[in-house]
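*Asks:* Compute the structure for the input listed below.
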Amino acid sequence: MDEWRALVAAEREVARRRAEVNQLSSRVELLAEALSSSSAWDRSAALDFLHIFPEDVPKLLDLLIDLSLSTGWTLPAREAIRAARKEIDPSQFARLALGYLSDGEAEDYLIMADVLTEVEAWEALGAVVGKAAASSDPKVRKFSRDFTESRRGIST
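*Replies:* I've put the predicted structure just below:
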């Protein structure tokens with residue numbers, strides 16, 4: 001029972017600290033630094049924070065998209081994006097997604113499409129599939145055809 005009480009006390013302290021950080025004027029810079037850090041603890045804390053307080057997600061979307069494409073951070077980064085998806089400008093989402101694919105290979109397009117589908121960024125997804133269809137790389141064009149075919153009849 002002592003262990004449980006200690007855990008509850010620690011959770012209460014974490015909630016209090018999160019509320020304090022949420023009041024900081026330098027919060028966005030602090031979160032950007034944590035998301036870019038090589039420290040797993042910093043990244044994890046920042047992603048947890050953004051999941052609970054998602055108002056800064058649009059300002060950090062570039063970093064979050066990058067993390068969502070990283071094997072170890074895929075799920076928590078996508079959850080943070082999903083928490084704020086209605087506040088994200090669809091054109092910003094599309095621009096950032098397309099930026100990641102400037103020299104992309106078919107696998108990159110597939111991963112990005114998966115991220116965008118999961119967070120319901122339909123406009124950005126359409127832009128990515130459209131860019132893939134216009135690619136000079138036959139494998140990327142094949143991704144576009146396969147993706148479009150697999151989604152036929154599904155409305156977004």
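*Asks:* going forward, measure contacts between C-alpha atoms and count neighbours the same way
*Replies:* Noted.
*Asks:* Show me how far the helix or strand bottoming out on mean pLDDT in the chain is from its chain's centre.
*Replies:* One helix or strand of the chain scores below all others by mean pLDDT, DSSP states H and E: helix 106-118, with a mean of 88. Its chain's C-alpha centre and that of helix 106-118 lie 12 Å apart, by C-alpha atoms, centre = their mean, to the nearest Å.
*Asks:* Just the endpoints, please. Distance across stretch 51-66?
*Replies:* Stretch 51-66 has an end-to-end distance of 16 Å (C-alpha to C-alpha, to the nearest Å).
*Asks:* residues making contact with that stretch?
*Replies:* Residues from elsewhere that reach stretch 51-66 (C-alpha atoms under 8 Å, 6 or more residues apart in numbering): 22, 28, 32, 35-36, 50, 77-81, 83-84, 87-89, 93, 96-97.
*Asks:* now with 7 Å?
*Replies:* Val28, Ala32, Leu35, Leu50, Ala77, Glu79, Ala80, Ile81, Ala83, Ala84, Ile88, Leu96 (C-alpha atoms under 7 Å, 6 or more residues apart in numbering).
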